[in-house]
Each structure stands twice: as C-alpha cells, then as structure tokens.
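> Build me a model from this:
(2 chains)
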Amino acid sequence: MERLHWVQHRCRQLLAGDSRRGWYSDGLPNSSFLDTDSSPYRVCGRRRMVFPRDGPHRQEYESVSRNYKGNAIRTTKYTLLTFIPMNLFQQFCRAANLYFLFLALLNWVPVVEAFQKEITMIPLLVVLTVIAIKDALEDYRRYLFDKKVNNNIVQVFSGTQKNYIDQCWKNVRVGDFVRLSCNEIIPADMLLLYSSDPHGVCYIETANLDGETNLKQRQVVSDLPLQGEEFIPESFHSRIECENPNNDLSRFRGYMEHSNGVRVGLHSNNLLLRSCTIRNTETVIGIVVYAGHETKAMMNNSGPRYKRSKLEKHLNTDILWCVVLLVIMCLTSAVGHGLWLSKLEDPIFQVDGETSPALAGFYIFWTMVIVLQVLIPISLYVSIEIVKLGQIYFIHNDLSLYNEELDSRIQCRALNITEDLGQIQYLFSDKTGTLTENKMVFRRCSIYGVEYPHEENARRLEVYESENTETAVRPVTLKAGYSGKSLSCHSLSCNRSSVSLHTLTTESVEEDQLSSHIQPRTSAFCSRMAKEVVPDPALVRKLNWLANGCSSETLPSLELTSITDFFLALAICNSVVVSSPSQSPHVIPEARTPLKSLEEIKLMFQRLSFSSFSRSQIKGSPSFKSRLFMRGKTGSLTVSTALSNTTDLSGSGQENSFIPKLDLSAREEDEHAGQVGDQETEDALRDTQINPDGARHGVEDLSRQVKPVGETNDELLYEAESPDEAALVHAARAYRCTLRARSPDSLLVDLPGIGSLNIQLLHILPFDSNRKRMSVVVRHPLTGQVVVYTKGADSVIMDLAESPTDQAAEIYNPIREQTQKHLDAYAREGLRTLCIAKKVLKEEEYDVWLNTHVLAESSIENREELLLESAQRLETNLTLLGTTGIVDRLQEEVPETINALQRAGIKVWVLTGDKQETAINIAYACKLLCASDQLLTANCGSKDACATLLEELVLEVQCGESLTGLTGNGESFSGSFILVIDGRTLAWALEDELRSNFLELSRRCKAVICCRSTPLQKSQVVHLIRDQLGVMTLAVGDGANDVSMIQVADVGIGISGQEGMQAVMSSDFAISRFKHLTKLLLVHGHWCYSRLANMILYFIYKNVMYVNLLFWYQFFCGFSGSVMTNAWVLILFNLIFTSAPPLIYGVLDQDVPADTLMELPELYQDVPTFKVYVPYMFWITVLDAFYQSLVCFFVPYFAYAGSDVGVLSFGSPINASALFIILLHQVIESNTLTWIHVLVLVLSSALYFGFVLLFSGFCVTCSPPTNPLGVETFQMSQPLFYIICALTTVTALLPRLFVRALYNTLHPSADLKSAHMGEVESEHYRRRLKRWNVTHSKASRLPVGADNPSLEPSLA
Amino acid sequence: MMASSYNAKEEDGHHSGASSGAGAAKNRKPDNTAFKQQRLPAWQPILTAGSVLPAFFVIGLIFIPIGIGLYVTSNNIREFEIDYTGESSNSPCYSCAKNVTWNSTEPCFCTVNFTLARPFESNVFMYYGLSNFYQNHRRYVKSRDDRQLNGDPSSLRNPSKECEPYRTSGDLPIAPCGAIANSLFNDSLVLYYIDSNNSQSEVPLVKKGIAWWTDKHVKFKNPGGNSNLTAAFQGTAKPVNWRKPVYELDPSDPENNGFINEDFIVWMRTAALPTFRKLYRIIQKKPGATPTLPSGNYVLHITYNYPVLSFDGRKRMILSTISWMGGKNPFLGIAYITVGSICFFLGVVLLIIHHKYDNRNTSADIPS
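Here you go, the predicted structure:
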C-alpha cells in the first residue's frame, strides 16, 4: 500500500515538472535514497528571489522583481476593448457557430443564394448576442468582485515615510512589508516575520481558502527575534529565496539568507496565505513573496467545472444523423433539379438557361443547404444551456435540499450535467461523514487490556439519539439554530462554524437536564454530545486512587501509570488548538496552585509507590530495586525546567524523588501483571454489575471534584483538525485530564490529583495517511524522560507495538491479545478504533534521532520524504497503552435513502478506509445489508489466492443466481450477494489480469463494500466501473480522501460537512446531508433527464417537421430551392415563434409528480429504458415529423391543386397549421400544463399571427422579392384557410394522440405513473408493480441494449 | 450561476471580516413559493384510452358533417375546362402552337367550339390555366423589382439586380423588369355564345376587379401618377418578349394601364404550383332569372401568342362559378369525411381497449 502511495507521490512530483532528480529504481520511500540526497540547499533551476522593497538591495530588487506580478487581480476574461473580438473568437471556436457562419457566408455566393443576404445572418446574430450577453453579465460580476477586492486597504511599510501607510491591495508588491492586525484578511502570500505573540506564532483561519474554520498556527521564521522589540523593516536585509509560484497549498520551500550568510530554512509553516484571516493575534508583520495571481489561493482557483453530459454526447450522434438527413435531402434536390432541367429546353420561366444541368444541380445542393439549414438545430445548444440554467435554478431553490441547521442550500457547481443525475447506475459512497455524521463521540476504551464499557455513556448516546430525532421536528430548533450562528457563518463554504458555534440549541437544553454536571462548551467538532462523556465508574475509581490516594484496595501501579499515560496521551497527542473567546489561545495561563499541596502529592506518590512496592516485594523479584535506582538517575536531569511554571523549584526536587517509583512501576515486568489485569477486569465488571449504586457513587464523587475545575475552565475551546481528536481530548477531559493551553513548545495539562503540569513539547510528528498515525515527543513532566506518545490506526500501532525482549513480551503479549479482542469487539459494534501507545526514549537515542530530524526539517527539497522517514524511525518499539472506541452516528434517514436508491436500481458501493468489521457493521446499520443477504468476503494474502478466490466467488454467485432464477424470478430481490473486499485484495483485483473477474463478480452483487481502501483505490474502482461497464457513476464523499473519486465519477457530489471543503470544491454538486441524494437523484435527476431528453426530441421533431414542409415543396418547384414562405417568417418561425415553448417544456415539465417519484423509486430506473432519449425514440420522432409534415403540406396542396393560389398564399395555411401542430404536439407530449405553459403557447401563436398580419398589412416594398403584402389578411378572410388548418392539424396529430393513449393504457409501467393518482387501490398497484418487475428483471437478463421491455405499442 | 467560486468566497470573507460577532445570520433558505418549489397548480393530462376517446368521437362527429357540407358545396360548383394548347394535330390551334414563338410579330388566331350542357347560374369566373409552368421557380420568383412596380422613379431608371438578365435592354432599363413580367401571358380570349339561330353574340367579359384590392391600390403604382404614362415611362424599354410597351397594355382605360393593369397584376402574383389557373375575366350575373351562361354552344376566339410547347406546357380556358369555399374541389369534403370516419373508428377501438384494459381509472385528468 505504501508503495502505491509513494508511486503516486512520485508521479505527481514528476508531473509537476520536478524532474531534477531522476527515477529511483528502488521503490520504497523508506529505503536509503532519502539519505543520499541530503543537500538541502541544492540550487533549484527555477526559483524566486525576494528582497525587501526598501532595503539596501535596491538594484537587485528592481532587477529581480520586475517580472513578479503585482497584487492586483483580474479574474475577468475580457476588458471593454477586447470583449467583442475575444468573445466572438471564443464563440466561433464552437463548431455549431462555425456552421452557422459558413451558412451565412454561403448565402453571399450569388449562384447559390437562397434568401436575402441579411436574413441568413439573423440566427447567427441572435445566438451570438444571447451568449455574448450572458458572458458579459458574468464577466461584469467578476469585474465588480475584482474591483472590490483590489481596493481593500492594508497597511504597507513605506520606505520614504518610514512608516506603515494605508494602501490598496492592488498596490502591494512583492517585497513589501505588510502589517496586519487581528481579523484582517491577508492580501498576498507573505512570509511571517513578526508576531506580537511572545512565542512568535500567529493564528490564521483558512475558511476562505479551504473552508476549515479551525485556527491554524503559523510560526515566525525560526531565528528571527521572537518578541520584545517591534520589528524594524529597515533593519531587515536578508534575502529570501523560494520556489516559484505553484498551487500546492501545503507546500512552501525556501530559505532566507541573512546578510551574514547564514541560511534559514523556510517551510509552509512560515507562510501566510492570501485570503486567510488573522485570528487571535494582535499584530503580524510579513514580507510579501507571492502577489496577485501568483498567490497560492489564486492559483487554486480554477472556476466552475465543465463536464459534458452523456446525453449531450448522445445528442451529437443524433445531430450527425440530422446532418446525414440534410445531405440526403440536398442531394435529392440536386439530382432532381438536374433531371428536371435536362428535360426542359429553354422554357420561358428559366431565368439562366445556359448552365448545364449538372452544374445547376451542384448549385442547388448548396442552396438547399441554406434553405434547409434549420434541420440542424443550432439553437438547440443555446436552448439546452438555457434549460439547464433553469433546471439548476429550481434545484438550487428546492426547499427540501435546504439544510435548516447549517443554513445551506445545495450548491450546483457544474452547470451542465443536471440530466446525468437521472441516469445513475452506480453510486460510490464514502462512509465517514457521508453516511455518518462525522461527529465523533467517545464511546468506550480499553486500557492495559482492561475494557471499560462506559455503559452510562452508551445510555446517554441512546438518549441523545432519540431526543435528537424528536427535537429535529420541533420548530424550536430553528430558532435556537439561528441564534447560534455568529462570527464567520458567511457561506456554505465554511458552514462548519455554524455547527460548532451553536451555543444554545434545544438539544443542549434538554440534555442539561440529563447530565447537568458539566457545563456546555463549544468549539470546532464539539457538539455537546461529543463533550459530555460520562466516565466509566470502574475507571473513575482507579483514577481516584491516584487522585485521593485512598489505596484501600490494591492496584498494580503499572496499570495505574498506564491509565495516567493513556489519558495524558489523549490530552496531548493531538494538534488541538485551545482557545477561548476571552483569552488569546496561545497565552499559557499562569500557573495555578495545585489542587493539593505539595505535601499531599508527595504523600500520595509515596503511598502509591509503597503499595506497588509492597506488592512487588510480595510477588516480585528483588531485581526491582536496582532498576529503580537506575531509572532514578536518568530521569532526574531536566525536570526542573519542565516544571518551572507549575511549582516552585524546591518542590520539583521533592517530586523528583517519587517519579522514579512511578516510572519504575511503568517498567515493571511482573509476570503476574497480566493476571492481575484480568482480575481487575473481573473486579470492575463485578462492581458495575453487582453494585451499580456504588459505581454511580464513584461517578458522582468524581463529578463533584470536576465541577469547580469545570467552572473555571468553562471558556476553553478546543479546535481540532479532525473530529476524532476533539472527541479524545474531551474524553480525557471528562476524566479530569484537561488540556488547558498550548504553545509551540509546551503544553499545559491538568492531571487529576496533581494539578496543572507544564509539559515540554519537543516535537509533533503530524498525522499523515501513509503512516496512519501521529506522535508527540514530550519531556515527561513527572519523570523528565523523553517520551513519545503515538496515536493511530489500530493495525499500524499493533504492528509497531511489539516488545523487543522476551521479558517484556511476557507481560505485554496478554495485554495485546486482550486489546486485540477489544478492538475486534469495537469494530463489530461499528466503532472507530484508535490505539494509543508510548515509547520512552533514552537521551542518547533521542539525540541521535534529533540530529537527523533537524536535518530533515531544514531540507529544502525532498523534505516530505525525509520527515516521513524520520518519523517512521522514531515510531518503533512502542508500548501499547490502550485503545479507544469512538462512535460515529449515522446521519438521519441514511437507511431509507439507501433503500430508496437500491429500489431505484442504483447499485450502492461503500468505499471506506475503515476496518472490515466496522464497515460491515455500518453497512448493516444503514440497511445496505439485510439478514437474508449472502456476504462474500475477499481477504487475500497474495495475488494468486486473490485470483482463485475471485473465480470461486464468481462461480458461487452464478450458482446462487441460477438457483434464485429457477425458484421464481419474482423473488430475486431477497438473498442477494454482498461483496466485502479489503484494500489489499482490492489492489490485486484491480490489476489487469484479475480485473475482469472482479468486474464480473461485482456486477452480480447487490452491493460491494471496499474497506481499508486508499483514496487512489477509490478512484481506481470508480474508474474501472465507469469505463469497463460503461455505466453512469456517481461518487459522494466529504473529505479530501474522496476528491479523486469525486473527480473520476461522472457525477461527483461533495458533502459539505465536517472535513473541510476539498470534496466540495472538486464536486459537481455539494449537498449537506446524505439523505438529500434521494430527492436530488430520484426527483431532480429524473425530471432533468426526462425534461431534457423530451425537449431535445421535441426540438428535433420541430425542426424536421418544419424543414420537411420546405422539402416537399421542392417536388413542385422543380427542385429550385424555392420556398412558399416569406424568408423572414421562415427564419423567425424557428427562432422566435416556436422557441419559447420547448424551453418552458424543458424547465417546467414534470412527467411524474415529486411525491410519486419519492414514493416509488422504481420509476427512476424506468427512465433509461422506456421513455427516453434512446435511438429508436429519435427515429420514431423523425418518422412522426415526416408524417406530420406530409399531412401539413399535402392537405393544403390538394386543397389548392389547380387553383389560382399564389406562392405566399399557399404557404400561409401551411405555416399556420404547422404552428398549431407544433404547439399542440407539445401539449400532447407535456405531462403538466400550468398557466405558464398556457401563457407561452398563447403568446407564441399570438406573436406569429401578429407578426404575419402586420407584415402583410404594411410591408409594401420591404422584404423583396417575395412580397407579403395583403397575403395573410386576404387568406385569413377566407373560410378555406380555417378549413384547411383544422383538417391539417387534426390529421397530423391524430396518430400521436392515438398511440400515446394506447401506450399509456396498455404499457404496464405507465401504471406506475398513474398510480400517484391515489385512486388505485394499493392491492391492484402492487400486482401491477410485480408484473412490471418481472418483465423488467427478465429483460435485464438479456444482453445489454436489448432491455427495452415491451416497446411494441409505442411503435406506430 | 456561480461565476467563480473564488470570488464568491472572497466576498464572503469580507463579510465575515466586517461583521464578525454581529451575528447577522443570513438566511439562505429558499422561498417557499409554488413556483420555486415547482408546485404550481397544473393540469396533468395523462392520455389514456379512457380520457382520449371522447375527443375522438367529438372530432368524428364534427368532421363528418363538415365534410358532407364541403362535398355538397363543391359538387354544386359548375366548372368547365377546355384545353386549347393545340399539341395534337386535330386541335384547332395546332398550327398556331406550331408556329408561334416569342419572336413572331404576327398574331395567330384560332377558335375553339364547345358546349355547355348545363347553365351557369351565378357570376362566372373565366380563368386561363397553364400547366407545367414553374412560376414558382426560385430564380423566376425573385426576378422582379417591387419598388419599380410601386412607382418608385429611381427604381424605374435603375431596376434591382434581381431582374437580371431582364434588367436592361441595350442601355435602357426595362420597365417592368424581370423574368415574371417578361413572360406575361398575352393570349387574349373572347367568348361568343351561339344561340339557337346560330348567330354569335359576344359574352360580356369584365376585365376589372380581377386583381386583389391591395395589389391594385397599394402595391402597384404607376410612376408619376397616372397622368401621362407615355411620358412617365420615357427612357425605359419594354420587356423583350412584349409586343407593346407597358403603357399600352390597356390604352382604353387609364385606370387599368401601365403597372396597374389588372391582367399584369394577376400575372405578377406568382402561382404556387406548376399547374395553375389565373383569373382572366369575370362574367357578371345578369339581373333577373336568366342564367349567366345558358347552356348551349359557345365559341372561344383565341389570339394565340403564348408558346408553351417548348416546356411541354398546356393552356386551358376555365369557366367556373365560385362558392364560399372557393373553386370546385372535392378533396376537402372527402378528406373531412375520411378523417372524421377514422376518428370515429379509432374512438370505437379505444372504447373497446378501455373496457378491456383500462378499467381501473376512468377519469385520469385530475388537477392537483
């Protein structure tokens, strides 16, 4: 797996043009090449030098900075001057517009000219204008934004005035010194040079960048003066060298060279990114290194996404067919004209008789291309765009996709794939945060092999759950929800703040009655639920021994120290930022008086050590003593510094004497310890079972003690990077192990019975997905040793926590086994598990490691790899402390949603990084699995095993299928197969050889669960399914690990939840809850698809029908390209008179009401098979259009045959009836008719008649040579006109009406449609549904493409 | 919609910066209106056999009577047609047809005898009919200058380019220019009634009122009014095929001369189909009970000027009365009866289907 990651990483590097280093043949990242490439300051080929603007390097500054961009941004595409040429150019890049231009130009060739020259330009002009207006409006909006941003004021140091003066953002240049105060937005990417914070840190909020509202810490460049004197820009003479601008937000490499030649490494921790906000820091000064478009924020801004929907691709083939049709018609005309001409010898009506028939035919071909141009529905593309905007508008405004709690609507980021939502066949879902809330709550833990079930806690969670569902419907929640919003609740992009800053919700009020002993507190990721952990009585009792020292019962001190270490690790092994509204987060509160006097502590530790001593004396070996003393020596070195803040120095010495004993107990290798542990478990269990009162007493006891502390701590806010961290910190806090403050190099922690301790923080090795763990290196406050606390995924930690020696193994192996058991139990319960481990480092070990680590840190090139490797070197030989189980509740209505999606024929896959048991458990919980399903698990150790397993499974599934197929095909719903595959097996299954088997298998399974899968695998799976099966895929996820999957899928949906905005930024649609998928897919997807498909069909129908009228006329005018209509009417007919109805149809039509679609998800899969844009529908439509045009032409033809009718008079009833037919055709095809439809239809016909009447009334010499004067007025005064129109319209629409009625009556699936009428008794409906299902499932067994159940009635 | 995600956020960033702590919660909740939530009251026509069959019956019931009415009306129209092309040797106009060309200066005369079996009662319209004459040819249709015909003096001198190659004759502009005018039908037809004592009496033919009012009064105008047409058309040439200039089309009546000559106007309204008729004269109903054209023998005197055999054309003379629905045309009546019957038949089919399958729900149209 790691190899895979590394390869991915390498590829990314290489793609990024980072080709300075060649390929490394040895694969693994932890191999030795990292050490060989050790020159951290290797000169980069392309890099940027930054000098202070007003410094002494004035000349260098001028020469270097000339090419750097200023801070003014321009996101507009055009300027006033370039708008017309650029926009035209861009528009003519589209093939459709080029075609139009070609036609317009063609009409300028005299021999083929069909209309007046201007008229053929009209469609082109209209299309160009519409799009240009749209573009201009968009651009103008961008311009306004830019202007606003560019004119923001910021304080910039001016070399001439020797002071900070106000400047606009746009005037900021690279090399400027910028001073910012709290809550100001950073105008450009700057290097942090000074912070008013005494520790040289500053906090920023990156909500504008990635939506994360937790505060992030940034550090002043390492060797600059931290505090004290104000930073003086004039005295800054250093030269900064850093990499060229790039879009990697988390990477920044470079160094600063002081005037004395000393170089200091720079990294992303020193960089303040544009558009972030300074928080909790009074004043910050930085030097601008990247400005304007070169800032990382701007380089990450790629704008809205453009995807082409499947329907559009499909549409293109139909357009091609239209072209073929056009060519056929034009060829017919050309040949016809040639033949017609060859029969004639200089007739009087032949104007230019000298051209040969062949040449004339050739000319006619091109003339006909112009005449019949409408056949190619150019305006269709514009219409589709408009329709999609309308559809997006309605999706965006849907009340049921609005999240009351977060005040967020659905976000439609891709504008042109709405109809893809209606064709989804495979749905890939992330688990955490997508199916679940991603609100982590500490549920239970196991320490030193002892399980603490936290039953009270479980009860509390249950109560919460039921309360939550109750309160969710009450309107009170809303009110409280709004009141909670404050500070930075500014957009969907950072809605998390609105969650986290809820101060008063109804839930909390009610919860207070339940558990009133802890005050509500808020911070990121901390719902009330997460904070209120009810301690486990047994564990409390054990802690109380430490706190109170009442050792009436004996307790192995090894366990006790394990417990203490465990909670200490929970409290400090994280990147949580402690802050409070009243206090700056970084200020370490002054040392408080410990809860107990030093004497008491001393006594306690004495007692503790005695008890352990006595026990060990009783049971243990004498070797203890010597070891005790040894430890004592090593431990006493640096305690005084560590404790400098907490107690007076004299106290530290006293404490010192006890610490070794504590530590000794930690090292105790008593062979009975395991037994004792078991005993303890039993004791605890007995306690809780037999004497719950006593246990509760214990809890209350603790609570009473906590209370005063809690009150003083009320203002503490924990801002964590991940919800798990927050949950753990709060859990530790529930056991009075409270993280009070954090600074870059120290942590202040309250420990029960000991009081505040200042812990010296040596290093944080942050979490990364390769290591799957994080560590802190601290100097232990009590022992003074260098201790590594590691927290991470159980699989990783359990592997690393292998005791080196046999002796240790004796005691730790049972613990490990126990813990493993507990882990498995947790996973089965669906809990997320994390293991906590520690490691005590010898000073010399630490020193060795420190050297390499510092080297790695200051490396400029492959810093990431070096750091990774360095961390891996440290995190070995860990001692397992315990494990935690965190519950992540399912989001509301997830089972219902999944059920609905499955009923809709969508295969739901869950791709998660969690363990198999957890994944299966969640799958059960959300009803992805039901009891009757057969679970197929694929965990293989090798590729060969994987191959055989896959084959076996395929056979098994085939067997199972044939069985169910025999017993009765109606029952195929029950007892489906579910494949569960783990990451390793998946990796093999995705390889070329096994791919087909895997596909075969997964295609036959109802659902597939991939656990332990990496982000890369997720996207590979989606890719595989999408490409190999050729199906429509949807991926939904909420975290950065889902981004690749979201991007690969046809439709990517981001859940704007707890984990930042990466998923949302890369998605096509962003929703806030999983349950919104139901309405989005089943209703909006269905609608959008059927609307658009129907609209396209209608559009094509309309064009074919109208164009054919002109074509039929050619047979009666010697194929001369003559038309029976005025050219204006001809062009405007398609462009104006009949353009609005299809748009309305495409935006408003509802083939089935929303309620029905929600109630009957089966209708969803209906769409791709029966009513849609499938090829035969295209041909049916074209045939119908042919028929209608035949009627529409030949009824007037026969009615006027032989009479004295003029050309335009003949065209008049044809045009009028064509209009009626086209409009009424839509009425037949429409499923809903609202007043808007009626209005548009009436307006369309009114516009037509108004136009032609005015035209014929007033156009005396206009529009030569076909003069319309008096034609229409005369025609419309004749009864014959109306007789013809009535007959034509009725005859043309009769077949469609009849077939539609017949189809709706006879086709069973149409029953479903009318089922919503409610008048069908449910029994009847169910019978029909079953019948339909049977036919459907039968059909689905046939090879792909033949699954059109009973389409015969629709074929006319 | 979202112009650029970055900008949107940038803006939001300013908001938060400015109003932090103000707690001004923006409500992004969509409006709960019927339109936005797509809940507009709608008529949902589910077209099933049950809901559609009344329409079929109604259409059938309306169409069949209309069709019968049309058929009867059409049958009551008297129409007589005689072909005088003379392509066959036994035809009286055979020699004319053979000899006449556009260049021949001498007119050719021929007479055609015919008998009307039944009298024509009301106004009789006399048409000439041409077959295989593609007056709707694209180039032909365009070959005119409406401005010139509207009396525009500049277009008179400088006709539109559309008139090519009939735009100028030598150096002079042609008036009226273009192929349509050039090919003006120039046969003249005179009808004589042969009464019982074998004496011929000329049937009075009215040559005014045959063009559309709008054409005569709005669209076609002589240049310089009607005062002196010869002067007005000074400096223009007659179309090449014409025997006489445009101002001599009807020297007897200044209101029917020049561009506003009604025969000319009728010709200029190009026919839609290659076989067409054009109104030539009107025979007005005589007062009293005497029929306009009594039954009996007639003779048609033809001045044969118009050659059609070169394009395999035919020339006819048509006498027809007229009804409210125009000329004789049985098609519409038959079509109406047929469509009505089909509707009725389909209605019955739907009824059967409805009773067999669609028994669950008779009224599917429910406004929600």
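
> Tell me which residue in the stretch 651-800 of chain A sits closest to chain B.
Nearest residue of the stretch 651-800 of chain A to chain B: A:L717, at 14.9 Å (Cβ to the nearest Cβ). Backbone N, C-alpha and C define where each C-beta goes, glycine included.

> Now for A:V778, how many residues are close by?
Neighbour count of A:V778, defined by other Cβ atoms under 10 Å in any protein chain shown: 26.

> so where do the strands sit in the stretch 151-300 of chain B?
B:168-169, B:172-173, B:188-194, B:200-202, B:276-283, B:296-304 (DSSP state E, counting those that start in this stretch).

> can you check the stretch 301-450 of chain A too?
Under DSSP E, counting those that start in this stretch, the stretch 301-450 of chain A gives strands at A:411-412, A:426-429, A:436-447, A:450-452.

> how about the first one against chain B, any contact?
The reference is to strand A:411-412. Yes. Strand A:411-412 reaches chain B (Cβ under 8 Å from any Cβ of the partner chain) through A:Q411, A:C412.

> and A:P1142, how far is that from A:V387?
8 Å (Cβ to Cβ, to the nearest Å).

> anything in contact with each of these two?
A:M1095 (Cβ atoms under 8 Å, 6 or more residues apart in numbering or on different chains).

> hang on, the earlier thing: mind checking how far the residue of the stretch 651-800 of chain A closest to chain B is from A:S858?
Counting by Cβ to Cβ - A:L717 and A:S858 are separated by 33 Å.

> what do you get for A:V887?
42 Å.

> How about the residues of the stretch 51-200 of chain B by chain A?
Contacts of the stretch 51-200 of chain B with chain A, taken as Cβ under 8 Å from any Cβ, map to B:51-53, B:55-56, B:59, B:63, B:66, B:70, B:102, B:127, B:129, B:133-147, B:150, B:152, B:160, B:162, B:165, B:179, B:182-183.

> ok, of the residues you listed, which come out buried?
Buried subset of these (neighbour count, 16 or more other Cβ atoms under 10 Å in any protein chain shown): B:51-53, B:55-56, B:59, B:63, B:66, B:70, B:102, B:127, B:129, B:133-147, B:150, B:152, B:160, B:162, B:179, B:182-183.

> pretty sure B:S155 contacts B:E162?
No. Look at B:S155 against B:E162 with Cβ atoms under 8 Å: they stay out of range, at 11.0 Å.

> if we can go back for a sec, look at A:V887 and A:S858 and report which has more neighbours.
A:V887 (23 against 18).

> Could you report the pLDDT at the closest residue in space to the more buried one that isn't next to it in sequence?
Spatially, and ignoring its direct neighbours in sequence, A:V887 is nearest to A:R443 (4.1 Å; Cβ to Cβ, 6 or more residues apart in numbering or on different chains). A:R443 is assigned 81 on the pLDDT scale.

> how many other residues sit next to A:R443?
24.

> Run through the residues that contact it.
A:H454, A:N457, A:A458, A:L461, A:L831, A:G885, A:I886, A:V887.

> wait, which of the strands of the stretch 301-450 of chain A is closest to A:A95?
strand A:411-412 (26.5 Å; Cβ to Cβ).

> number of nearby residues for A:H454?
24.

> buried residues in whichever helix in chain A runs longest?
The longest helix of chain A (DSSP state H) is helix A:310-343. Residues of helix A:310-343 classed as buried by neighbour count (16+ other Cβ under 10 Å): A:310-312, A:314-315, A:318-319, A:322, A:325-326, A:329-330, A:332-338, A:340-341.

> how about A:V323, what does it touch?
So A:V323 contacts A:I376 (Cβ under 8 Å, 6+ apart).

> My error: substitute A:A731 in the last question.
A:F442, A:C445, A:V533, A:L570, A:T884.

> Which residues are in contact with each of B:S155 and B:E162?
Contacts common to B:S155 and B:E162, judged by Cβ under 8 Å, 6+ apart, are B:D145.

> May I see the ChimeraX selection of the buried members of the contacts of A:R443?
Per 16+ other Cβ under 10 Å, the buried members of the contacts of A:R443 correspond to this ChimeraX selection:
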select /A:454,457,461,831,885,886,887
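
> Which two among the contacts of A:R443 are spaced furthest apart?
Largest pairwise distance in the contacts of A:R443, by Cβ to Cβ, is 12.8 Å, between A:A458 and A:I886.

> can you list the residues of the stretch 1101-1250 of chain A near chain B?
A:1116-1118, A:1120-1122, A:1124, A:1148, A:1150, A:1153-1154, A:1195, A:1197-1207, A:1209-1211, A:1227-1228, A:1230-1236.

> Does A:A919 belong to a helix, a strand or coil?
Going by DSSP: H, G, I helix; E, B strand; the rest coil, the secondary structure assigned to A:A919 is helix.

> swap in A:I165?
A:I165 is classified as strand under three-state DSSP.

> What number of residues are in the vicinity of it?
A:I165 - counted by other Cβ under 10 Å - has 10 other residues nearby.
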